[in-house]
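Peer 1: Sequence first, predicted coordinates after that:
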Amino acid sequence: MTLRRAHVSDHGTIVECVRSWWGDSRTPDQARELSLLLPRLFLQFFSGTSLVLEDGDGIKAFLVGFHSADNDHGAYIHFVGVAPELRGQGVGRRLYTAFFERAAEAGRREVQAITSPLNTGSVTFHRAMGFTIEEGDREVNGLPVHGDYDGPGQHRVCFRRQLTVHLRAD
């Protein structure tokens, strides 16, 4: 499989991947709603920091992330998807590691991400990738969360991971 930066032209395929890949755990309406978290603007403005993993059959995984415009030291992973048949095979780790390396090369010192406190697989994965959970203002399922983070009742676990910055010799 080939890892490359994302392109705006990947948008439609990525949206279809979300709808298909999450179809096993959500209704079609819920999978469509989830895909709405990835409007085209993410690839219009952050394709250079987003990644796609593909083979001859098409996209098999993706990571949509960006470097903060307001914090010269920060980066954020917004959404990651891995084809169901490839989960548990290190594909997500490969995407995250590539994002970390590129962010560090750009002088970024930390990466942030969020997830639902109900998404135990995501919580476990982020912890395994070296993220720490930030203190929250309440607890859900034994996890500190930021209440109403994404709107009323939309509590989120907030993660932070420090990076080792690679200084370029010019």
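Peer 2: Arrived safely, thanks for sending. Residues are numbered from 1 along each chain as shown.

Peer 1: Toward the C-terminus, what is the element adjacent to the biggest helix by length in the chain?
Peer 2: In terms of residue count, the longest helix belonging to the chain (DSSP state H) is helix 91-105. Using DSSP states H and E, the helix or strand that directly follows helix 91-105 along the chain is strand 110-115.

Peer 1: What pairs with that following strand, parallel or antiparallel?
Peer 2: Strand 110-115 pairs in its sheet with strand 74-82 (parallel), strand 157-162 (antiparallel), by DSSP bridges.

Peer 1: what is the mean pLDDT for it?
Peer 2: The pLDDT scores in strand 110-115 average 97.

Peer 1: Next, the angle from that strand to helix 91-105.
Peer 2: Angle, strand 110-115 to helix 91-105, by axes from the mean of the first three to the mean of the last three CA atoms, to 10 degrees: 140 degrees.

Peer 1: ok, and for the worst-scoring helix or strand of the chain on mean pLDDT, which residues are buried?
Peer 2: When each helix and strand of the chain is scored by mean pLDDT, DSSP states H and E, helix 28-35 comes last, with a mean of 86. For helix 28-35, the neighbour count (16 or more other CB atoms under 10 Å) marks 31, 34-35 as buried. Every C-beta, even on glycine, is put in place using the N, C-alpha and C of the backbone.
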